[in-house]
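Participant: here is the input, now give the coordinates:
(one chain, ligands or ions: 2)
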Amino acid sequence: MTSLTISQVRGREILDSRGNPTVEVQITLSDGAMGRALVPSGASKGQHEALELRDGDPNRYLGKGTLKAVRNVNETLANLVKGKSFRNVQELDTLMLEADGTSQKSKLGANAILGVSLAYVNAVAISQKRPLYLVLNEMMGVPAAEMQLPIPLMNILNGGVHANNGLEIQEFMIVPHGFSAFSEALRAGCEIFHHLKEMLHEKHFSTAVGDEGGFAPALESNEQALELICEAVRIAGYQLKTQVAVALDVASSSFYLADAKRYSLRHRGEDSIDSNGLIDFYQGLCDKFPIVSIEDGLDEDDWAGWKVLTDKLGGQCQLVGDDLFVTQVARVRRGIQEKIANAVLIKVNQVGTLKETFETMALCRENKYRAVTSHRSGETEDVTIAHLAVGSGCGQIKTGSASRSERLAKYNELLRIEEWARENGKPLRFAKVF
Ligand code: PGA
Ligand code: ZN
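Facilitator: Ligands and ions are numbered 1, 2, ... in the order given. As a prediction, the model looks like this:
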């Protein structure tokens, strides 16, 4: 793709949206074009994710420093790639994967490798004076006609480990899908967010926000959260279900009792239930509320439970595997073979390179599994995933609520992409998924 060589690689330790250190990488090409990328970090991490290398030195950032990963960027990886030219990011990633040589990038750290991978494509886009989504689309080999603007899955009420309000379900999202343009869908989502804030305030609930910018009020039950959201959609003047639906990320691995193989759902007044009980609970919620998507409804290793969940609800609901699949081909392939789930959450740092991310997304496309591009709860101002969502044409993006600039940064970039495409004679349609 480019005969340019990499002339400089520079890693540094910067801070994410939670004030924890993370890795930034800056790559300069031989024509002077410079691209930069910042690596995100999760809180409700899947056990099978690629390794995020942390220093473990209690005297710096409570052990969370990333100086080792930064050193791996500035020494090992810089020496490996400097002076070389690559036809695409896959070639660059292959070289780094060989240098690491471990299955979960435990030698160099997925945060170090991913930083280089993402910075490289940003540098190529700068060099080619084109928006990044076009560069990614070409590298992925997705037909240009399949590019589209994604439906935002906006996490407006937070529970789980992203908040300290006691709700077990981690994310209650609104899905503004029945609109003719991304910008209109985003506007609806923001208006609903503001109406929800007013409602919470009037009911004397806290309007403080959680890690992904959604509210984190001390509610009595998961049902109450859904009722409040539906009320906010109506007050904002939108049609529930046809215009604005609801999605959940249960992140159930965080309340799975592995030894007992049971789930602890305290808000239902029960100490714990088995996977069948939890599936019945979801069925009840789907009957009552316009839920179109449930993520991580069961634990990341509860494959048997997932099979029952998919058999029961897969026909009517998008079932997304996040911790279950961790963006990794081997796990997604198993899901496809066993007919488990019907959608995959795509988080670049769960797997650690763009090459592998592309492979997972291609596997989804070939097998008609949906893909949802996603941020992490620890984010930065980096907007690469907005371009990944458009360039891949995956149709959905999960990047938080309508507050906190690290979340809005992605939505704002999508607004810029929408405008750029329109003004350059290649308008992008707004995805139709639900
Ligand atoms: P995480 O959560 O980034 O904290 O892992 C996001 C999610 O579970 O989707
Ligand atoms: Zn999740």
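Participant: could you use CA atoms for every contact and neighbour count after this?
Facilitator: Fine.
Participant: what is the burial count for residue 304?
Facilitator: 12 (other C-alpha atoms under 10 Å).
Participant: surely it is within a strand?
Facilitator: No. When the secondary structure is assigned by DSSP: H, G, I helix; E, B strand; the rest coil, residue 304 falls in helix instead of a strand.
Participant: how about the helices in the stretch 151-300 of the chain?
Facilitator: Defined through DSSP state H, counting those that start in this stretch, the helices belonging to the stretch 151-300 of the chain, from first to last, are 182-202, 222-235, 275-288.
Participant: in space, what's closest to residue 199 - neighbours in sequence excluded?
Facilitator: The spatially closest residue to residue 199, leaving aside those adjacent along the chain, is residue 232, at 7.5 Å (C-alpha to C-alpha, 6 or more residues apart in numbering).
Participant: give me the distance between the one you found and ligand 1.
Facilitator: When C-alpha to the nearest ligand atom, to the nearest Å is the yardstick, residue 232 and ligand 1 sit 23 Å from each other.
Participant: begin at 506 from now on, thanks
Facilitator: Yes, from this point I'll number from 506; that puts the last item at residue 737.
Participant: residues contacting that residue?
Facilitator: Under the criterion of C-alpha atoms under 8 Å, 6 or more residues apart in numbering, the neighbours of residue 737 are 697, 698, 700, 701, 704.
Participant: if we go to 6 Å?
Facilitator: Contact partners of residue 737, counting by C-alpha atoms under 6 Å, 6 or more residues apart in numbering, are 697, 700, 701.
Participant: now do it, the pLDDT please.
Facilitator: According to the per-residue confidence, residue 737 scores 98 in pLDDT.
Participant: need the helices of the stretch 656-805 of the chain in TSV with distance to residue 621, can you?
Facilitator: What follows is the helices of the stretch 656-805 of the chain, written out as TSV (distance: least, C-alpha to C-alpha, whole Å):
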stretch	distance to residue 621
helix 687-707	30
helix 727-740	40
helix 780-793	40
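Participant: need the nearest residue in space to the residue in the stretch 806-939 of the chain that ligand 1 sits nearest to, chain neighbours excluded.
Facilitator: Proximity to ligand 1, evaluated over the stretch 806-939 of the chain using C-alpha to the nearest ligand atom, is greatest for residue 881 at 3.3 Å. Setting aside the residues directly before and after it, residue 881 is nearest to residue 547 in space (C-alpha to C-alpha, 6+ apart), at 5.0 Å.
Participant: does ligand 1 have contacts with stretch 849-869?
Facilitator: No. Judged by C-alpha under 6 Å from any ligand atom, stretch 849-869 and ligand 1 are separated, with a smallest distance of 7.7 Å.
Participant: run the chain-centre distance for that stretch.
Facilitator: Here stretch 849-869 shows a centroid-to-chain-centroid distance of 11 Å under the convention C-alpha atoms, centre = their mean, to the nearest Å.
Participant: and the end-to-end length of it?
Facilitator: Length of stretch 849-869, first residue to last, C-alpha to C-alpha, to the nearest Å: 7 Å.
Participant: outside of it, which residues touch it?
Facilitator: 554-555, 595, 615, 619, 825-827, 831-832, 834, 876-879.
Participant: mind doing that once more with 8 Å?
Facilitator: With contact meaning C-alpha under 8 Å, 6+ apart, stretch 849-869 is reached by 544-546, 554-555, 594-595, 598-599, 609-610, 615-616, 618-619, 622-623, 645, 825-827, 830-834, 837-838, 848, 874-881, 897.
Participant: just the buried members of the residues you listed?
Facilitator: Among the contacts of stretch 849-869, those buried by neighbour count (16 or more other C-alpha atoms under 10 Å) are 544-546, 554-555, 594-595, 598, 609-610, 615-616, 618-619, 622-623, 645, 825-827, 830-834, 837-838, 848, 874-881, 897.
Participant: just these: which are in helices?
Facilitator: Of the buried ones among the contacts of stretch 849-869, the ones assigned to helices by DSSP state H are 594-595, 598, 615-616, 618-619, 622-623, 645, 834, 837-838, 897.
Participant: near ligand 1, which residues of the stretch 506-655 of the chain show up?
Facilitator: Proximity of the stretch 506-655 of the chain to ligand 1 is assessed by C-alpha under 6 Å from any ligand atom, with 547, 548, 549, 550 identified as the residues in range.
Participant: quick one: what helix or strand has the last one in it?
Facilitator: With secondary structure defined by DSSP states H and E, residue 550 is part of neither a helix nor a strand.
Participant: in this structure it contacts residue 829, no?
Facilitator: No. Residue 550 sits out of contact with residue 829 when judged by C-alpha atoms under 8 Å, with a separation of 10.5 Å.
Participant: more neighbours, these two?
Facilitator: Neighbour totals were compared for residue 550 and residue 829, and residue 829 leads with 31 against 17 (other C-alpha under 10 Å).
Participant: report the contact partners of that one.
Facilitator: Contacts of residue 829 were listed using C-alpha under 8 Å, 6+ apart, and they are 551, 801, 804, 805, 806, 836.
Participant: what segments of the stretch 556-705 of the chain are strands?
Facilitator: With DSSP state E, counting those that start in this stretch applied, the stretch 556-705 of the chain shows strands at 656-663, 676-681, listed in chain order.
Participant: adding mean pLDDT, write those strands out as CSV.
Facilitator: As requested, the strands of the stretch 556-705 of the chain are arranged in CSV below (pLDDT from 0 to 100):
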stretch, mean pLDDT
strand 656-663, 97
strand 676-681, 98
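Participant: kindly reformat those strands as a markdown table containing distance to residue 510 and mean neighbour count.
Facilitator: Supplementary listing: those in a markdown table, determined by distance: least, C-alpha to C-alpha, whole Å; neighbours: other C-alpha atoms under 10 Å:
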| stretch | distance to residue 510 | mean neighbour count |
| --- | --- | --- |
| strand 656-663 | 37 | 28 |
| strand 676-681 | 43 | 28 |
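Participant: no further questions, thank you.
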